[in-house]
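Chemist: Need a 3D model of the sequence below.
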Amino acid sequence: MKYEDYNDQELIMMTRESSEEAKDILFDKYRYIIDIELKKYSNIANILGYDYNDLYQDALVGFSDALVNYRDDKEASLPSFITLCVDRRLQYSIRRINNKKSRFQSESLSLEYVYDNDSLPLMETISDNSQNDPLFKLMNEEEYKELNEKIKSVLSSNEYEVYEFMIKGLKYNEIALLLNREPKQIDNAMQRIKNKIKKIVNK
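Modeler: Residues are numbered from 1 along each chain as shown. Model (predicted):
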């Protein structure tokens, strides 16, 4: 069986009749989509400590979901639909694994992470680098935790979602990819977050 002998809809119907050969043909034909999507998210997954093999398995799940749920009456072509399903699956999986990580661990380290285009950690970004800066007094986990509680209280739910990825070291374009928002929106949110945090630590 060669994919040149069948159109996508015929192959889809065959996969629903449990034809593994048809599924393999579609995979060989469109595996490049998985490669493209994995490349988009591999750096994010690496920063968040998500194993590449697990990411690949998630991409395969998204691919299989696309074959099961695709309908030829949809406006999207099969490759477009596969791309959408794989992308959504990878977004979901990375966000899920991030949420499962210990909040206390991430909070206690949050000010050390580099996250912006200038490669400065959050501590330096919102600090005036003087010895009297309140951030230099944060010497233990309890103080880190207290600061993060204050930060959470002044941020909107959307801003806090962005902040959680900021403190992991993700750049604005990577956060935009994960949250399915425009990069400019995320960049603006990051500026608001930094300004709000500055007000807290300079009180």
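Chemist: residues contacting the spatially most central residue of the chain?
Modeler: The centroid of the chain falls nearest to Leu178 when counting by CA atoms, centre = their mean (3.3 Å). By CB atoms under 8 Å, 6 or more residues apart in numbering, Leu178 lies in contact with 44, 91, 94-95, 165, 170. Every C-beta, even on glycine, is put in place using the N, C-alpha and C of the backbone.
Chemist: Same check on Leu67?
Modeler: The contact partners of Leu67, by CB under 8 Å, 6+ apart, come to 12, 15, 23, 26, 82.
Chemist: wait, which of those is closest to Asp51?
Modeler: Nearest to Asp51 out of those is Ile82 (CB to CB; 22.9 Å).
Chemist: Spatially nearest residue to that closest one, not counting backbone neighbours?
Modeler: Leaving aside its sequence neighbours, Ile82 sits nearest to Ala66 (CB to CB, 6 or more residues apart in numbering; 4.3 Å).
Chemist: got the contact list for that neighbour?
Modeler: Residues in contact with Ala66 (CB under 8 Å, 6+ apart) are 78, 81-82, 84-86.
Chemist: Restricted to buried residues, select those residues in PyMOL.
Modeler: Under the burial definition 16 or more other CB atoms under 10 Å, those of the contacts of Ala66 that qualify are selected in PyMOL by:
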select buried, resi 78+81+82+85+86
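Chemist: least confident pick among the contacts of Ala66?
Modeler: Among these, Leu78 carries the lowest pLDDT, at 91.
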